[in-house]
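Q: sequence first, predicted coordinates after that:
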Amino acid sequence: MENLSKDGDAAGREYYKRFKIEPIDFIVANELDFIEGNVIKYICRYKYKNMDTLEDLRKAKQNVEWLIEREEKKTAVTEKKKFIR
């Protein structure tokens, strides 16, 4: 994997530097999509970013809900195709 430039808004944030692998590096190396990456990001930083740790946990939960919806839709389409055959 190529080294990524970390000059954006999150650059230098201590809550991302606490880990052996920064969340962005993990997300890119594993080719996670936007929603999956958000789950990783929010779970990694929730203890360190805010005084209100629930904020990032709620954001992670919302992203997991979106993932569940997406997978349920995929399953429904697959089941419909099986029924049509």
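A: Received, thanks. Quick caveat, the model's predicted, so the values are computed rather than measured.
Q: quickly find the element holding the closest residue in space to Leu32 that isn't next to it in sequence.
A: Distance criterion CB to CB, 6 or more residues apart in numbering; nearest residue to Leu32, sequence neighbours excluded, is Ile40 at 6.8 Å. The C-beta positions use only the backbone N, C-alpha and C, and glycine is treated the same way. Using DSSP states H and E, Ile40 falls within helix 34-45.
Q: neighbouring contacts of stretch 27-45?
A: Contacts of stretch 27-45 from elsewhere in the structure, counted by CB atoms under 8 Å, 6 or more residues apart in numbering, are 1, 4, 15-16, 19, 21, 23-24, 26, 56-57, 59-60, 63-64, 66-67, 70.
Q: state the mean pLDDT of the biggest helix by length in the chain.
A: In the chain, assigned by DSSP state H, the helix with the most residues is helix 53-84. When pLDDT is averaged along helix 53-84, the result is 90.
Q: list the buried residues for it?
A: 56, 59-60, 63-64 (16 or more other CB atoms under 10 Å).
Q: contact partners for Glu14?
A: Taking CB under 8 Å, 6+ apart as the test, what Glu14 contacts is Tyr48.
Q: what's the distance between it and Tyr48?
A: 7 Å (CB to CB, to the nearest Å).
Q: could the buried residues of helix 53-84 be laid out in a markdown table, adding distance to Lys80?
A: Formatted as a markdown table, the buried residues of helix 53-84 follow (distance: CB to CB, whole Å):
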| residue | distance to Lys80 |
| --- | --- |
| Asp56 | 36 |
| Lys59 | 32 |
| Ala60 | 31 |
| Asn63 | 26 |
| Val64 | 25 |
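Q: wait, which of those is closest to Thr78?
A: Val64 (20.9 Å; CB to CB).
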